[in-house]
Structure formats: structure tokens, C-alpha cells
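Chemist: Quick one: sequence plus predicted model below, questions after.
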Amino acid sequence: MTTPDQTPAPVSVPAVPHGVEIPPEPPEIGARALYIAARLLAGATTFFFVAFLFAFFYLRSLNQNGKWMTAHVHPDKTVGIVIVICVVLSAVAAYIASRHMRREHRGWLIPAIISILLGLAAVVVQAIAYGSQGFGPTDGAYASVYVGWTAFFMVAVICTLYWLETQVATELRARRDPAHSKGDISDPDQLIEPGLAAASFFWGYLAAVGVVTYAVLYLV
Amino acid sequence: MSEPNHARRLGAIWLVATLIATPLVIFVLGPVLPPGNGSEQASGHVTDNTVLMAVMTPVLLLLIVYFVYALVAFRQEPGGILEGPAIRGNARVQIAWIVVTSAIVLSLAAYGTARLLEDGAGSGGGSSPVVVPAGPKLQVQVIGQQWAFTYRYPSYGGVETPHLVLPVGQMVELHVTSLDVVHSFWAYQLGVKADANPGQDNIAFVKPTELESFSVRCSELCGLWHGYMFDHGNVVSAADFKSWIAQQRVKFAPSQKLLPPYSTTYIPEPARRAG
Amino acid sequence: MSDTEAAERAAMPTWRRLLGFNLLTAVILAIVGYYFGWWLGNQFSSSSRDYVADLDYNDVALILAYLFGVVGFLVGLGFANYPLARLIGRPPSLRAKEGRGVSRYFGLCTDHKVVGMQYLVGIGIFFFVGGVNAMLIRLELLNPTPTTIGPSQYLSLVGMHGTMMMGMMTSGILGPFANYFVPLMIGARRMAFPRIEALTFWLLMAAGFILMSTIFFGGFPTGWTGYQPLADQTVAGMDSYLCFFALVGLSMTLLGLNMLATIISLRAPGLTWSRLPIFVWAVFATSILMVLAAPMLIGTLLMAMLDRTIDTSFFVAGAGGSSFLYENLFWFFGHPEVYVLALPGFGIVLELIPVFTRKPLWGYRLAVAGMLGVSLMSFFVWQHHLFVSGINAALRPFYMLSTEIISIPTGFIFLCVMGTLWRARITLAVPMLFCLGWAFNFLIGGLSGVFLSDAPSDTDTHGSFFVMAHFHYTIMGGLIFTFFAAIYYWVPKMTGLSFNERLAKVHFWVMFIAFNSTFLPLFVLGMKGMPRRVSTYADNLQGLNVWVSVSAFVLGLSMLVFLVNLVYSLLIARNRSPHNPWRSKSLEWQTPTPVPVNNFEQIPVIESDPYDYGVPLAGNGVS
């Protein structure tokens, strides 16, 4: 039932003589990795914010020591509505930019820039709200969840806007400086398309998180 | 080539080992398993631990016998380069394994659930336990704070005592709570363990059955002197308990006036850490 | 780096060569960042005083100091260069796999093989520190009353040992071995995101130093679980724990994300999912847990930091928070975390056993199902850590059931190991010994878990030395034994040098016997009522405790045997290892040693799974 080990190796590793140039990997590999990474990042981000979602409902149901929402905690609904509108419109603009890009439409830059500005507007509104809302982190459990959740949501928003911005910056650089387009950016579309697709997907996802965030914080 | 029937040999060795070991586990090891017979709940745990031991003995033996057998019987000769048979699986064995392990773990879960729902098994059951033993119960509150447990008896004017004394043969309803951080009330000989959480009431039931002294320890890390948070309690006769509690009420009458009224939870001031 | 560049560099004066993005700059910027953060924090927050610990502390200043210190460290290493280049529109680029020689091991390097080696050494150092902590703990427990170490230092040691092991060793196998070998096993030239790969390592190193710095701020008394509200009350050493674990969480998330993206998108042609080496499957299952569970930890620790700095009240009962919230959130991460530690071990064992039995892996699909099943199930069992806590007590039957059920997929792994041993040609080489050690240890660990998963029985064992022995059997017996199996199996490939086999066997036997002699009695101690994390215990338990301590010292000694072997074999004797000493058929062994920078000159085409051992039997019931 046994014979000496003579079976061939199960894989073929073709030997290439030294000095032969290693062929570059096909460009779609990087694009595919980025596509997958954006979705995985969405998964990770979900669980991050689920911690706050859970904290919200858990502390609300316990209402320890009657300190869930103390008397002077009155979140201003207009703030939430404005932020949600900014974030959703921004995500829609990013989606439009990504669609234009896929169809090799040169006009994608405008919606992309609009998207970034709208996103920044949301961050600014939230920052103003912290100062004018009339309650701070020490005012009970609701205020704690509010401050923590919105602050880290805004951090996530800023990071995503950075991601979008890098795509815009690459395009601007390629356009502004034709010399460069021959130099370090030979084919801007091929560079930008997967990045923009991934960034706009993630921004769309984060906008959905934003809708949930503000719906829970202001309406529940 | 004549190979011995390995499967049959293995089965025989395992069967003999199991037939010898399992009764030993049940009848020799079982009675000395913790936590003893200090209460109905503790006795229940001894039974549970014995059952679990008895179930896992054949499993443990099967794997150990198999591994030892394989290491003895299926060896490469020193320096040899022989290959084994290319067996990549066996559907029947796999299905049998899945069925048997599923049956074992599901019956263990069913057994555990049944035992838990019998009387709460002395474990902390939250503020509204699903299982409440019938009959009259003596309420005792256990208050954890850094680094001691104190006890209040609401049916005796809410007197607070530094030591725990319980009457024998009486179902006790322990309300465990904390004034600061998370502690865990562990009365080892009584088979009781329940976490003490600030702002939460955690109820456990226990019925002491033996007149004995029992140890009380904190079993959740609660800071610097966690290791020193231990004491001894006593199970006494009903008459002794009556005289003891009367004594305590007299002894602690002065401090009683300063205590907040009895409540299932307390939030001391300031409500958060100072500074 | 081209030859002319190298020559130019060599001609520079020494001070000029020291400038640049390297470890020295990183350390300097880390210190600068640290003091900047400290100064900034003191601008808008005043310090508190803890009279028990006789210590002034300022949480805001310390957390900012750590934050800016880490940022400075990463900037110094050169991690900011690429994001800033993208910000101004430079095109994305894969940094050239820079440098040769030793210097690339001390900085940002995107070669997955360099990162693997960095991880192995870096994690090894912290494992050693954690081990020394354990020795000190056992030293204290020689006596039932505190002698050598005070209660405060004792708790800090317990906390540091637990946190170091649980934090650093989560990447114990994925860090060194998955980074090094997953691309080789799947026929890829690199990881999907090489810069992120390097980042995970340096984050982990920064985190390790932050944890060790806790001794300057009064340590922390909470153990590795960091339970609230104790963690809210205590001194600034707690901030070290929070920052450490948050950084580890970030590192874990990114590591898992990178692994998943690599395994999904960079497999060589022909490497279908059903041909994937089982170790890669284990990495896949582990990475899912890392990506999904670790963010929960980060969120939880950020809440804890907010509680300590800006006085929110997530976990403070008097102000509307709840200790239950922390316990729920922590264990929702904490239980998958346990399987993050166990699953890579499964993968190593299943990967190595076919090589040393000269048989194909028995029940490949079952093994994959087992690992994915464990991975999925581990999200549904967390409240078994809270059976006596009073949380959702009515749900205990459910968690009992789910916990019992998770042992079914774990059982698959055992069945596959046993099936592979059947009628095999076993060689007891050192890696195989460690795999068999795993089988015994994990068996004991798994069966003792039955007591803990049973809610009535858990009443006795919860929070005692029993549970401590249980998780040392599963984690040390499961992870560390396979960690050493992997070292003895793969380091000859990584370095081209072979270990001294006699010393390696001595290491195994001393470690195996001392390990069991240390932890088996702990089950008894737990059953006799000794709680965890105490520096004082009942007098009648001293005999067993002394036995355990002495065994633990011998266990520590076995690690020294390993270190001696490491130094002797890799630095002094330097015996060249045969090209494929185990006659493995796996892809990583088919590459030349040392592995070229781009791994494969041509991407291989895979035609079968890597377990093509053994001689086919004429169809007698073989499926």
C-alpha cells in the first residue's frame, strides 16, 4: 500500500531565467482589491457604530437614576435635518460623479467638488450645534451618546471626504500640468476610476449611517 | 499485506477504558466534587458537575485512546520516506460524528436549561428572575462596596450587619447590589454567585441545608484590595437566627438612623467620581 | 534603491545619513509629539489627585500625549508621506520594495516578507515581557499572603500580563506567518495593501510601548477586561490600557481587512476556493472576526476615554450610564477575540499534520466548514461570560445552547486531525510534536469549557482559577503551542537556517510537561474556591499553589531553552537548512530560499490542492 514519494509537485512554478523582466501585474488586480476593501471597510464601520446604537437603546431602556435625558436636554431637530440633507445630497453627488466617470464623461469633477463642499457643510453645522445646543457631554446618558456618536461620525465623514478629495486632486493635477500627465500621470482615468468608485460607494454607505444616526438621535 | 483491524481494536480498548473509568468518575470522584452539600443549590451543582464529568469521560477517553493508538500503530520507520494512503474523507464517519456530537451537546444544553430553571441554581438571575421558588422566602440584601460586603435584612427593620448569618432550611432571596464598582458575591459552600452592579438589583435564591460556616469572597476584580474582600458567614438554626438578628438590631440601632431607607439599589453622592 | 543612489548615500557624512524617515526620526518625533500632547492637554484641563496611589494625574493630557506621540512616530517612519502626496494629487503608487540588508527591518517596509519577520521579532519581544509578568505573578503566589509584591503592583502585573497577551498575541500567528506566507501560498507577489500591512505592525509596536508605560502612571487595577466603572475611577495608568487596546483594535481591523482583500483578490489562476491551503482558510475565518469584532472594541474604548476625559456618562450608573453596557460591548468583542486567538492555531495544525503523516488532509470541506462555523457562531455566545452578572438572565438558556453548539464545529477540527492520522506514516518531527501537544491541550481546554458553558455549573467556576486554567489551556495550549510549531516549521524557510533539533525536542518536552503541570492543578484550585486575580488566598491552598508556581518557573525555563536554541542556531551555528526539509508539497516551499523580493518571477498556475500526498487506494470505499 505504500510506495516511495515520487508524486510530482502539485503546482507548476515555471522557471524564468534571471534577467528577464518581471511582467507587471494587471491593473484590474488593484481595482478589485480596492472594491473589496471598500465593502469590508463598510462592514467594520457598521460594527463601530453599532456600539453607539446599542448604547443608545440600552441606556434609554435602563434610564439609570432617571438620568437618561435630563430636563434641559433639548436637541434641536433642525440641526439634524440640515445635516442629513447635506450628507445625503453629498453622497448623491458623489454617486453621480462616479457614474459619469464610469461612462468616461469629463464632467464628473463638478459633482465631486459639490459633494466635498456639502460634506464639509455638514461637519461645520455639527460643530456649531455643539456650541449652541445648550447641553454638553456631562448632561446624562443621552447627551453622552449624542456627543460620542456624532463626533465619531464626523471623524468618519472627514476621512471619507479626504478620500474623495484625493481623486479630485489627481484629476486636477493631470489637467493643470500637461507635462505631468506625460510624467507621473499617464492615464488619469484608469487611476481614478476604481478609487472614485470605492470612495463614492463608501460615502453612500456612510450617508446611510448618517441617516440612521440622526433619525435615532432626534426622532426616537 | 495483513493489516490488523485497527477500528475494532480501538473500539475494544475504548469500551473497556470507558466501562472502567465512568463508574469510577460517578461513584468515587462525584461525591467529592465541589461545592459540597451546604445548600440545595450546592448539592445541585455537585449533581451537575458529576453528570458533566460522566458525559465527558468517554469523549476524553475516545480521543486519548485514539491519539495514543495512532502514534503507536501508524509510524514512519526512522528515516523512511513512505507515503500513507490517500484517503480524503469518509462521508459515513463524518455524518456519524456530526450526529453524535450534536446529540451530546444538545442534550447537555437541555439538561443545563432544565437544571437552571428548576431553582435558579444559585446564580444571579437579574432584577426580575424567571425562576422564583415557591414558598416563603427570607429577603437579604447583599451590598458590595470597596472592599467589603454588608447585609441588610428588610424584614427586620432593614438592619445592616457586617456579617452574613442565615437560618437553616429557609429559602433565602438574596438581593445583590453595589455602591461603587462591580463586585461578585460568592458564597462558596452555598453554591451562590451573583455580581453586584452599581444601580442594579441582582437576585439569587439559596436554601442552606447544613449548619456550618461558609466563606464569602468577592470574585470580580474590584480594585486594590479585591483579594482581601473575604469573610465568613454562618448558617444557624431558626431559633439562633431570631436571637442573633434581635441582637444586631439593638447593636446597630445608632447607625441605623444614618442609613438611607431600604431600597433595591442605592446611588451614593456624588453620582460620579470626584475631581 | 539603485546602485548609484546607494553609493551616494555611503559617501554622505554620518549625520546626513541619519536624517530621513527611519526609526530614529520616528522615536524623536514620538517624544516631541508626546510632550506636545501633554502640554496641550494641560492647557485646558487640570490634573486630579489620587490619594490612594499618591499620584497626580491628568487624563486629557496623557491621552493627547499618547495620541500625538503615536502620530509623531508614524510620521517619522514615513507613513504620512503617501497620504499627503495623494492630498496634493500625486498619483497612487506602489512604493518600490526598498533597500536591501538589515536596515529595511528597522523602518517602514512594504515587502510582506520583511513585515513578517518584523512581526515575529516584535511580537516575540512582547511575548517575553508578558511571560516575565506571569513569572512575577507566580512568584507572589508562592505565599498565601503578599510578600514580594504589593497588591497594587500585583494587580498591575496581572493586568499587564493579560492585556499584553490578549492584545499582542491576537496577531501572534497572523502577524508573522500569515503576512509572510499567505501571499506565497496563494501565488501572489504582495499583499493587497502593502502600506497598510506595514502600518499594522508599527501601530502594534507603538501600542506595546504605551502599555508598558502604564507603570509610570500608577498601573491599572482592572485586568485585561477593563471593567467599568472601576476603570473610570482609577488613576492615569488606565489611559495606557485604553490607548493600547484601541490601537491594537485598529491594527487588528486593518490586518484582517488586508488579509481578506488579499485572499479574495490576489489568488493565482487555478487556485479555486476548494484548493486553498487550509491555513489560508483559517486566516480568512480569523480575519472576518477581526474586521467585524475589533471595531466594536475601538468604539467601546473610545466611550471609556470620553468618560474619563470629558465626563460623559456611558458607564457611570449615578449619571445615567451602566456597567452592564460595558460588559455587553466588551464581550461582544471579547468572545470573537478568543476565537481570533484559537482559529489560526487550528489552521497551523491542519496545515502541518498532512506533511508529517504523508497523507492528504482528511475532510477538507469539513475543516473549512468547522472554521467558518466557529467564526460565525462566536458572535452569538458572548453573554456566557455574564451568566452570574444579572444581565438578561432570562436569555441564559439561549447562550447556554449557542455556547454548546459552538463545540460542534470545533469538533470538526478534531475529527479532521484524527482522520488524517488514520493509517498514516507519522514522523515525530518537532513541529508535529507541537501539533500533537495542541491536540491534547485543546482537548482539555474544550472539555473544561463544558463546565463553564453550563449555567448552573458556571456558578461555581465563574471568576475562579478554573476559568483561568480553561482559557490558558485553549489560548496558551492552543495558540502558543501552534505558534512554536509554526516557528520550527517555517523559520527554516524564512531564514534559510535550521534549528538544533535536540534542543528543540528538549524545548517541547519541558514545555509540554511543565505546561500541564502548571495548569491542571489550577482546575482543582478553582474548584476549591480560589478566585482569579488575588494576591492572597486560603492557607490550605498553599501546597498546590507552590506546585503550580514551581511548574510555571520550569515553563518559563523552557522558553529560555527556546531562546538559547534561537541564538545558537540562527546566530552561532548557522547550519543551512535543506531547501524543503519537510518534503512539503505546499506552494511556499516551491519558491527559492531566500524568497526573491517579488516572490514569483511568473505567477504560478495551480492545478490541485496542496495536500497531494499519499498513494491512491483502489476504490475501496474511499470518498
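Modeler: Ah, there it is.

Chemist: Pull out the buried residues from stretch B:169-181.
Modeler: The neighbour-count check on stretch B:169-181 (16 or more other C-beta atoms under 10 Å in any protein chain shown) flags B:170-181 as buried. For glycine as for every other residue, the C-beta is placed from the backbone atoms N, C-alpha and C.

Chemist: Also stretch C:523-540?
Modeler: C:523-538.

Chemist: can you narrow those residues to ones near chain A?
Modeler: When contact is defined as C-beta under 8 Å from any C-beta of the partner chain, the buried residues of stretch C:523-540 do not meet chain A at all.

Chemist: out of these, which one sits closest to residue C:203?
Modeler: Nearest to residue C:203 out of the buried residues of stretch C:523-540 is residue C:533 (C-beta to C-beta; 28.3 Å).

Chemist: What residues does that closest one make contact with?
Modeler: B:221, B:226-227, C:155, C:158, C:223 (C-beta atoms under 8 Å, 6 or more residues apart in numbering or on different chains).

Chemist: swap in residue C:330?
Modeler: With C-beta under 8 Å, 6+ apart, residue C:330 has these contacts: C:225-227, C:297, C:300.

Chemist: Go again with 10 Å.
Modeler: Listed by C-beta atoms under 10 Å, 6 or more residues apart in numbering or on different chains, the contact partners of residue C:330 are C:225-228, C:245, C:296-297, C:300-301, C:304, C:337, C:382, C:385-386.

Chemist: List phi and psi for it.
Modeler: Main-chain dihedrals, residue C:330, degrees, to the nearest 10: phi -60, psi -50.

Chemist: so how far is chain B from it?
Modeler: Distance, residue C:330 to chain B, using C-beta to the nearest C-beta, to the nearest Å: 12 Å.

Chemist: Let me know the pLDDT of that residue.
Modeler: Looking at residue C:330, its pLDDT is 95.

Chemist: cool, the one 10 residues further on as well?
Modeler: According to the model's per-residue confidence, residue C:340 sits at a pLDDT of 93.

Chemist: show me the contacts for it.
Modeler: Listed by C-beta under 10 Å, 6+ apart, the contact set of residue C:340 reads C:166, C:169-174, C:252, C:256, C:285-290, C:293-294, C:333, C:375, C:378, C:479.

Chemist: What are the boundaries of the strands in chain C?
Modeler: Assigned by DSSP state E, chain C shows strands spanning C:48-50, C:55-57, C:605-606.

Chemist: Just checking: what are the partner strands of the second one?
Modeler: Looking back up the chat, that one is strand C:55-57. strand C:48-50 (antiparallel) (DSSP bridges).

Chemist: returning to that earlier point: out of the buried residues of stretch B:169-181, which is nearest to residue B:255?
Modeler: Nearest member of the buried residues of stretch B:169-181 to residue B:255, counting by C-beta to C-beta, is residue B:179, at 15.4 Å.

Chemist: show me the contacts for the closest one.
Modeler: Counted by C-beta under 10 Å, 6+ apart, residue B:179 has contacts B:143-146, B:150, B:196, B:198-199, B:265-268, C:317.

Chemist: try 6 Å this time
Modeler: By C-beta atoms under 6 Å, 6 or more residues apart in numbering or on different chains, residue B:179 lies in contact with B:145, B:266, B:268.

Chemist: May I have the phi/psi pair for it?
Modeler: Note on residue B:179: its backbone torsions stand at phi -100, psi -20 [degrees, to the nearest 10].

Chemist: I figured residue B:145 hits residue B:180, correct?
Modeler: Yes: using C-beta atoms under 6 Å, residue B:145 is in contact with residue B:180, at 5.5 Å.

Chemist: hmm, the longest helix belonging to chain B touching chain C?
Modeler: If you go by DSSP state H, chain B has its longest helix at helix B:40-73. Yes: residues of helix B:40-73 contacting chain C under C-beta under 6 Å from any C-beta of the partner chain: B:45, B:48-49, B:52, B:56, B:60, B:63, B:66, B:70.

Chemist: after that helix comes which helix or strand?
Modeler: As assigned by DSSP states H and E, the chain's next helix or strand after helix B:40-73 is helix B:91-119.

Chemist: Toward the C-terminus from that next one, list the very next helix or strand.
Modeler: strand B:138-145.

Chemist: Report all helices and strands that that following strand contacts.
Modeler: strand B:148-153, strand B:172-178 (3 or more C-beta pairs under 6 Å, 6 or more residues apart in numbering or on different chains; DSSP states H and E).

Chemist: Can you check which of those strands gets nearest to chain C?
Modeler: For chain C, the closest of the helices and strands packed on strand B:138-145 is strand B:172-178, at 7.6 Å, according to C-beta to the nearest C-beta.

Chemist: near chain C, anything from the closest one?
Modeler: No: residues of strand B:172-178 are not located near chain C by C-beta under 6 Å from any C-beta, the shortest gap being 7.6 Å.

Chemist: Okay, angle between that strand and strand B:148-153 too, please.
Modeler: Strand B:172-178 runs at 130 degrees relative to strand B:148-153, counting by axes from the mean of the first three to the mean of the last three C-alpha atoms, to 10 degrees.

Chemist: quick one, phi psi at residue C:111?
Modeler: Per degrees, to the nearest 10, the backbone of residue C:111 is at phi -80, psi 120.

Chemist: er, residue C:463 actually
Modeler: For residue C:463, the backbone dihedrals (degrees, to the nearest 10) come out as phi 70, psi 10.

Chemist: contacting residues for it?
Modeler: Residue C:463 touches B:184, B:219-220, C:531-532, counting by C-beta under 6 Å, 6+ apart.

Chemist: Over to residue C:408?
Modeler: If you count contacts by C-beta under 6 Å, 6+ apart, residue C:408 has them with B:101-102.

Chemist: Retrieve the pLDDT associated with residue C:378.
Modeler: 93.

Chemist: deepest of the strands of chain C, which one?
Modeler: Burial of those is given as mean neighbour count (mean count of other C-beta atoms under 10 Å in any protein chain shown); strand C:605-606 ranks first at a mean of 18.

Chemist: Pretty sure residue C:40 sits against residue C:64.
Modeler: Yes: if you go by C-beta under 6 Å, residue C:40 and residue C:64 touch, sitting 5.4 Å apart.

Chemist: of the two, who's got more company?
Modeler: For residue C:40 and residue C:64, the more surrounded residue by other C-beta atoms under 10 Å in any protein chain shown is residue C:64, and the numbers stand at 24 against 16.

Chemist: The nearest residue to that one once chain neighbours are set aside and residue C:239: what is the separation?
Modeler: Leaving aside its sequence neighbours, residue C:64 sits nearest to residue C:37 (C-beta to C-beta, 6 or more residues apart in numbering or on different chains; 3.7 Å). With distances taken as C-beta to C-beta, to the nearest Å, residue C:37 is found 12 Å from residue C:239.

Chemist: More neighbours: which of those two?
Modeler: Per other C-beta under 10 Å, whichever of residue C:37 and residue C:239 has more neighbours is residue C:239, with 29 against 23.

Chemist: now the helices: where do they sit in chain A?
Modeler: Under DSSP H, chain A gives helices at A:28-62, A:77-102, A:109-132, A:140-176, A:178-182, A:188-219.

Chemist: Of the ones you listed, which is nearest residue B:36?
Modeler: The nearest among the helices of chain A, by C-beta to C-beta, is helix A:28-62 at 37.0 Å.

Chemist: which of the residues in the closest one are buried?
Modeler: A:30-56, A:58-60, A:62.

Chemist: swap in stretch A:101-115?
Modeler: By neighbour count, and taking 16+ other C-beta under 10 Å as the criterion, the buried residues in stretch A:101-115 are A:101, A:108-109, A:111-115.

Chemist: What ranges does the stretch 301-450 of chain C have for its helices?
Modeler: With DSSP state H, counting those that start in this stretch, the ranges of helices along the stretch 301-450 of chain C come out as C:323-357, C:364-377, C:396-405, C:407-421, C:430-453.

Chemist: What distance do you get for the residue of the stretch 51-200 of chain B found nearest chain A to residue B:7?
Modeler: Per C-beta to the nearest C-beta, residue B:82 is where the stretch 51-200 of chain B lies closest to chain A, at 4.3 Å. With distances taken as C-beta to C-beta, residue B:82 is found 21 Å from residue B:7.
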